[in-house]
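Sequence plus predicted model, see below.
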Amino acid sequence: MKIYEKAPAKINLLLDVLRKREDGFHEVEMIMTMVDLADRLEMSELPRDTIIISSQVGYIPLDEKNLAFQAARLIKERYDVRKGVYIHLDKKIPVAAGLAGGSSDAAAALRGLNRLWGLGIPQDELCELGAELGSDVPFCVTGGTAIARGRGEKLEHIQPPPQCWVVLAKPPINVSTADVYGKLRANELHSHPSMAGMTEALAQGSFNEMCRQLGNVLETVTLKAYPEVLQLKESMLKLGADGVLMSGSGPTVFGLVSKQAKLARIYNGLRGFCKEVYVVRMLT
Ligand SMILES: C[C@](O)(CO)[C@H](O)COP(=O)(O)OP(=O)(O)OC[C@H]1O[C@@H](n2ccc(N)nc2=O)[C@H](O)[C@@H]1O
Ligand SMILES: Nc1ncnc2c1ncn2[C@@H]1O[C@H](COP(=O)(O)OP(=O)(O)OP(=O)(O)O)[C@@H](O)[C@H]1O
């Protein structure tokens, strides 16, 4: 039997950091939602008790460093599954981009193996397992649109954003999430995005207000270290995007666009200097 699962990319419409915690993680307040740029996982049982990962791309680890491998190992150990699995990752989400590609693959593996092996694990338990793999994994298990608190694992689902186009542009640099949080001076942040303002904008379904309320405090670190990310934001705005923000720890910048007629100009303008540009829909 073969099982297929989609693993969509996430964007952070809002990312605030409240403080650094004693365990080294940061207490966050975020709003996350999915876009329709997705990896696709194919999972099938193996006769031997082993985990094998493959992918069409050569630039991700396929051993125990792969988050889908870690998800399979965790579920096998926790539920005493003595069966093997082959997981093929059809990668479409750019890697180390701030789009939670690895986390979404891990979440899709948890959902898929739950089905493949008929384990009947409830979603909240899958989220708890996911939290052991990474802070973004619980959200990737549920999808939808959610406020995330704690280190990202405490979820409150809310109304999805109004439908719009999302232009994603990833500059050719690698940003480590741990480095960005490591350089953040959480106590010295001069301004914070408004969680109340963004939740109100989403509750009212107001596209313009959503664009005005976009905010991510990790930009204070990444934009300083990589001026090309700031330049990308400015270019996207100049080309006509209605709202622009860096996703997660970066370096991907996303632009929200309400009118399809604007997309060609934005896409072509960005492609002039940035190779990785995607035009996708918000998943609502
Ligand atoms: C930047 C975001 O992607 C926004 O959604 C997340 O906050 C990070 O999620 P993630 O990549 O799943 O993060 P993890 O794999 O759990 O952690 C990577 C590293 O980021 C830092 N980290 C992560 C989450 C958090 N709330 N505080 C942190 O300080 C820690 O140094 C950690 O070692
Ligand atoms: N299935 C996977 N897909 C992509 N990268 C993976 C995977 N498993 C492990 N990795 C490793 O994880 C690292 C981060 O990749 P990923 O694409 O998840 O980053 P990200 O989009 O910045 O994540 P986040 O937004 O959650 O911080 C990469 O350096 C890669 O080697």
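Noted; the coordinates are in hand. Ligands and ions are numbered 1, 2, ... in the order given.

all helices for the stretch 1-150 of the chain, in order.
Assigned by DSSP state H, counting those that start in this stretch, the stretch 1-150 of the chain shows helices spanning 67-78, 101-116, 123-131, 137-142.

Dump those helices to JSON lines, plus mean neighbour count.
The way it works is simple: take the backbone N, C-alpha and C, and place the C-beta from them, glycine included. Listed next are the helices of the stretch 1-150 of the chain as JSON lines, based on neighbours: other Cβ atoms under 10 Å:
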{"stretch": "helix 67-78", "mean neighbour count": "21"}
{"stretch": "helix 101-116", "mean neighbour count": "27"}
{"stretch": "helix 123-131", "mean neighbour count": "18"}
{"stretch": "helix 137-142", "mean neighbour count": "27"}
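
Pipe the ones you listed into TSV and attach distance to Met30 and mean pLDDT per row.
Listed next are those as TSV, based on distance: least, Cβ to Cβ, whole Å; pLDDT from 0 to 100:
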stretch	distance to Met30	mean pLDDT
helix 67-78	19	98
helix 101-116	13	98
helix 123-131	15	98
helix 137-142	9	98
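
For Arg48, which non-adjacent residue is spatially closest?
Distance criterion Cβ to Cβ, 6 or more residues apart in numbering; nearest residue to Arg48, sequence neighbours excluded, is Gly84 at 4.8 Å.

For the closest residue to Ser206 other than its chain neighbours, grab the count of nearby residues.
Distances taken as Cβ to Cβ, 6+ apart put Pro162 closest to Ser206, at 7.1 Å, once the chain neighbours are dropped. By other Cβ atoms under 10 Å, 18 other residues sit near Pro162.

Same check on the one 3 residues further on?
Residues near Trp165, counting by other Cβ under 10 Å, number 20.
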